[in-house]
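In: got a sequence here, can you model it:
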Amino acid sequence: MVDRTSGDPPIVLIAGTAGCGKTTLANHILGRLDLDHRLGTGFIRAVVQSETDPVVEPWLFVPSYQSDDPVGHLRAQSRRLHAAVSSCIQRARADGTSLVIEGTHLLPELYHDAGARFIVLSAPSLQKHKSRLVGKRHTRRRVSDADLAHIREVGRFYETEAERFAIPILHYEDNVDDAIDALGLAAPKVAE
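Out: Next comes the predicted model:
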């Protein structure tokens, strides 16, 4: 549990490519630290999509990994969602509430100075990555070999950008304590 008497409630950003464990980690951190809210950028994108039209912004309605230029596509979508994500962060600060945002649209270049706890997750091994992409969290997602190659390209881009902005990178395999440490959040105290 985070000590809420020692400052503002934390804003946590968990970024990385599809299938690296962002949602799973966000849920674990939310429960372990008794944080208030969790949002996924995919759902923020759905809200933004409802305010536009596929004819006007067709690239907003296609997953970046299905583009011929997945990194460029991701960057365009991320810039388009930046105002909405930033508004969610500002709302949490104004309300004095904690917030975890996870997703593929949290580019270090856009959020490195957001005053949030930020971590980038690296992609797992190829075999594990394949199973995670269409596993229990995304039962209707279909991923071709070309899609997988693009997803892993985005993962490499994320790692390069995290290094450029000195954001911690973590290979996530249910190592929640490592993530909590990397984020600089206090782990719960165990009574002796």
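In: contacts, neighbours, all on C-alpha from now
Out: OK.
In: and the longest helix along the chain, what does it pack against?
Out: Longest helix in the chain, counting residues (DSSP state H): helix 70-95. Helices and strands touching helix 70-95, by 3 or more CA pairs under 8 Å, 6 or more residues apart in numbering; DSSP states H and E, are helix 41-50, helix 145-164.
In: now for the protein, the helix or strand with the poorest mean pLDDT.
Out: helix 126-133 (a mean of 86; mean pLDDT, DSSP states H and E).
In: report the buried residues of it.
Out: 129, 130, 132, 133 (16 or more other CA atoms under 10 Å).
In: just to check, residue 104 is in contact with residue 16?
Out: Yes. Assessed by CA atoms under 8 Å, residue 104 is found in contact with residue 16 at 5.4 Å.
In: more neighbours: which of the two?
Out: Higher neighbour count among residue 104 and residue 16: residue 16, with 30 against 25, using other CA atoms under 10 Å.
In: distance of that one relative to residue 37?
Out: In this view, residue 16 and residue 37 are 19 Å apart by CA to CA, to the nearest Å.
In: next: residue 95.
Out: 12 Å.
In: equivalent analysis for residue 85, please.
Out: Separation of residue 85 from residue 37 (CA to CA): 13 Å.
In: the two - which one has more neighbours?
Out: Taking other CA under 10 Å, residue 85 and residue 37 do not tie; residue 85 has more neighbours (22 against 15).
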